[in-house]
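Enquirer: model the structure of this input:
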Amino acid sequence: MLYLLLVKASTQSEEGVLPSTALRESMDRYLDELDAAGVKVMAKGLAPSREAIRIAFPAEGMEPVLTNGPFLPAEDVVAGFFLLEVASEAEALKWALKAPDPQGNGEGRLELRRVY
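Expert: Reported below is the predicted structural model:
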């Protein structure tokens with residue numbers, strides 16, 4: 001089963017502020033642990049939403065509407081993701097709970113979603 005662990009953005013990540021060295025080292029250890037267990041399919045960070053474009057489809061037959069970022073609130077923006085291949089939701093949750101706070105300072109939020 002595939003699960004997507006979404007890393008939600010923070011004001012800091014949207015400003016392009018990199019995590020502390022300690023947090024990056026903690027995240028590297030977590031990624032190594034996911035690799036060693038053979039559950040990590042992919043893990044990537046995303047550019048801040050100021051570099052993004054949203055595409056809305058207002059109605060059938062109408063041209064899509066493009067909106068340039070940044071997008072607010074920052075907490076609703078995705079900053080990165082982990083794609084995990086596991087046997088169950090319980091296993092996916094186990095790995096999600098082992099993750100370090102992805103934003104640091106108690107600002108991190110993760111969202112776990114099954115991939116169909």
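Enquirer: burial measure for residue 69, as a count.
Expert: Neighbourhood size, residue 69 [other CB atoms under 10 Å]: 15. C-beta coordinates here come from the backbone N, C-alpha and C atoms, glycine included.
Enquirer: quick one, grab the pLDDT at the nearest residue to residue 57 once chain neighbours are set aside.
Expert: Using CB to CB, 6 or more residues apart in numbering and skipping residues adjacent in sequence, the residue nearest residue 57 is residue 64, 5.5 Å away. On pLDDT, residue 64 comes in at 97.
Enquirer: list phi and psi for residue 64.
Expert: phi -60, psi 150 (degrees, to the nearest 10).
Enquirer: need the contact list for it.
Expert: Counting by CB atoms under 8 Å, 6 or more residues apart in numbering, residue 64 makes contact with 55, 56, 57, 58.
Enquirer: burial of the third one, as a residue count?
Expert: Read that as residue 57. Residues near residue 57, counting by other CB under 10 Å: 9.
Enquirer: so how far is residue 68 from it?
Expert: 17 Å (CB to CB, to the nearest Å).
Enquirer: all helices of this protein, in order?
Expert: Along the chain, counting by DSSP state H, helices occupy 11-14, 21-37, 89-98.
Enquirer: what's opposite the closest residue in space to residue 115 that isn't next to it in sequence in the beta bridge?
Expert: Of all residues not flanking residue 115 in the chain, residue 2 sits nearest, at 3.8 Å (CB to CB, 6+ apart). For residue 2, the beta-bridge partners under DSSP bridges are residue 85, residue 115.
Enquirer: am I right that residue 2 is in contact with residue 83?
Expert: Yes - counting by CB atoms under 8 Å, residue 2 does reach residue 83; the two are 6.5 Å apart.
Enquirer: which neighbours do those two share?
Expert: 41, 115.
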